[in-house]
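Chemist: Next comes the sequence, and after it the predicted model I'd like to discuss.
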Amino acid sequence: MPNPIPTIRLKRLRRTPATRSIFRETSFGIDDLVLPIFVDEGIDENVEISSMPGVMRIAEKRLPYEIERYAKAGIKAIMTFGVSHHKDAVGSDTWQENGLVSRMIRAAKEAVPEMIVMSDTCFCEYTDHGHCGVLHHHAIDNDATLVNLGKQSVQAARAGADFIAPSSATDGQVAAIRQALDAEGLHETAILSYSTKLASSLYGPFREAGGSSLQGDRKAYQVDPMNRREALRESLLDEAEGADALMVKPAGMYLDLIRDIRNASDLPLTAYQVSGEYAMIKFASKAGAIDEHNVVRESIGAIKRAGADLIFTYFALDLALQGI
Ligand code: PBG
Ligand code: ZN
């Protein structure tokens, strides 16, 4: 028997860095990334979040400086999260004209008007019970929460937010917000819905970052991570309600859902690499088990390959500073 000689050799396209580079199917750059930030109204200096090494709670008065720094690095879009010291049962600070949500947006827009500001639209960082809406007999009152989402969204839009990004997993949230915005003539403000939001255990570090008061979990309103059909249905519903863009969150463990939605909808699709995904990569690389530089790029590239147009990641600033 002669030695078998393959005629098809896939290695031909892998021989040199230049060949690999021209045949690479997926790439990402600064235009594909959004930086989520935490702004604390109760501190004077930035404080590092211990479960997210390298990520800070930003002191509110330092926000303009930070926004300018991000813009210089090339960041085009941020998502704002408030760390509130004015919590109550319904999160009413979120719809005050001079509440933290509005102040963050105004400060960011004043510092760098062309920075795209997406306002995370929820209540869990502003409620004393830590749930994402109005509680009634220990359960979320969906429709009372819709009214408050409308109030918060109108206020955020007036403060200058480019995108309202509802993350409260409230049924009907996109339609309610669109209606509330349009009733005030705020037709230009877009809605980027956290449309497929899983009841994941990967939000732990975020809840530390945001000083969450949550007891229990969000399984009664976020999607069961084991449900693929329901995950698709959630995003298609938000499309039907008028969302301008969709999201899958978390990202890395849900690439199948990203692909399902990509195939079923023509809306822009985003994915959120959440705090737990960040922490896993950070702590594993700190321990010397993986190479941070490479794993960050592999994880974000994989999310892009699955079908996301835009990726929310706490690594966005590092990537921007390193020229991606
Ligand atoms: C709030 C919200 C959460 C995240 C974004 N918006 C947390 C939650 O649902 O508890 C998670 C972000 C992260 O973990 O990085 N509704
Ligand atoms: Zn919430």
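Modeler: Sure, I can see it. Ligands and ions are numbered 1, 2, ... in the order given.
Chemist: show me where the stretch 51-200 of the chain has strands.
Modeler: Using DSSP state E, counting those that start in this stretch, the strands found in the stretch 51-200 of the chain span residues 56-59, 77-83, 116-121, 135-136, 139-140, 163-166, 190-191, 196-197.
Chemist: so which of these comes closest to Arg178?
Modeler: Distance to Arg178, taken as C-beta to C-beta, is lowest for strand 190-191 among the strands of the stretch 51-200 of the chain, at 6.2 Å. Backbone N, C-alpha and C define where each C-beta goes, glycine included.
Chemist: which other helices and strands contact that closest one?
Modeler: For strand 190-191, the elements it packs on are strand 163-166, helix 173-183, judged by 3 or more C-beta pairs under 8 Å, 6 or more residues apart in numbering; DSSP states H and E.
Chemist: Which strands border it, and is each parallel or antiparallel?
Modeler: strand 163-166 (parallel) (DSSP bridges).
Chemist: so where does the closest residue to ligand 2 within the stretch 201-324 of the chain fall, helix or strand?
Modeler: Nearest to ligand 2, among the residues of the stretch 201-324 of the chain, is Arg218, at 7.6 Å (C-beta to the ion). Arg218 belongs to no helix or strand when assigned by DSSP states H and E.
Chemist: That one - nearest residue in space that isn't next to it in sequence?
Modeler: Ala199 (5.6 Å; C-beta to C-beta, 6 or more residues apart in numbering).
Chemist: thought the one you found was touching Asn227?
Modeler: No - Ala199 lies out of contact with Asn227 (C-beta atoms under 8 Å); the separation is 9.7 Å.
Chemist: Around ligand 2, pick out the residues from the chain.
Modeler: Neighbours of ligand 2 within the chain, by C-beta under 5 Å from the ion: 122, 124, 132.
Chemist: where does the stretch 51-200 of the chain come near ligand 1, residue by residue?
Modeler: Contact residues, the stretch 51-200 of the chain versus ligand 1 (C-beta under 6 Å from any ligand atom): 120, 122, 124, 132, 167-168.
Chemist: same thing but 5 Å
Modeler: Residues of the stretch 51-200 of the chain lying near ligand 1 by C-beta under 5 Å from any ligand atom: 122, 124, 167.
Chemist: Scan those and report the most crowded one.
Modeler: Greatest neighbour count in these, by other C-beta atoms under 10 Å, goes to Cys122: 28 neighbours.
Chemist: Distance check, that one against Tyr203.
Modeler: Counting by C-beta to C-beta, to the nearest Å, the gap from Cys122 to Tyr203 is 12 Å.
Chemist: same deal with Ile78?
Modeler: From Ile78 across to Tyr203, the span is 19 Å (C-beta to C-beta).
Chemist: you'd agree Ala73 is up against Leu321?
Modeler: Yes - with contact defined as C-beta under 8 Å, Ala73 counts as touching Leu321 (5.2 Å).
Chemist: between these two, who's got more neighbours?
Modeler: Between Ala73 and Leu321, Ala73 has the larger neighbour count (other C-beta under 10 Å), namely 17 against 14.
Chemist: State the distance from the residue lying closest to that one once chain neighbours are set aside to Ile58.
Modeler: Closest residue to Ala73 apart from its sequence neighbours, by C-beta to C-beta, 6+ apart: Ala320 at 4.1 Å. As defined by C-beta to C-beta, Ala320 lies at a distance of 17 Å from Ile58.
Chemist: Please list all residues in contact with Ala190.
Modeler: With contact taken as C-beta atoms under 8 Å, 6 or more residues apart in numbering, Ala190 is in contact with 162-164, 244-245.
Chemist: Model confidence for it, exactly?
Modeler: As predicted, Ala190 sits at a pLDDT of 99.
Chemist: Same question for Thr127.
Modeler: 97.
Chemist: you'd agree it is up against Thr94?
Modeler: No - in this structure Thr127 lies outside contact range of Thr94 using C-beta under 8 Å: 9.3 Å.
Chemist: What segments of the stretch 51-200 of the chain are helices?
Modeler: For the stretch 51-200 of the chain, applying DSSP state H, counting those that start in this stretch gives helices covering 63-73, 100-111, 142-159, 173-183.
Chemist: what's the angle from the longest one to strand 116-121?
Modeler: So that's helix 142-159. Taking axes from the mean of the first three to the mean of the last three C-alpha atoms, to 10 degrees, one finds that helix 142-159 is oriented at 150 degrees with respect to strand 116-121.
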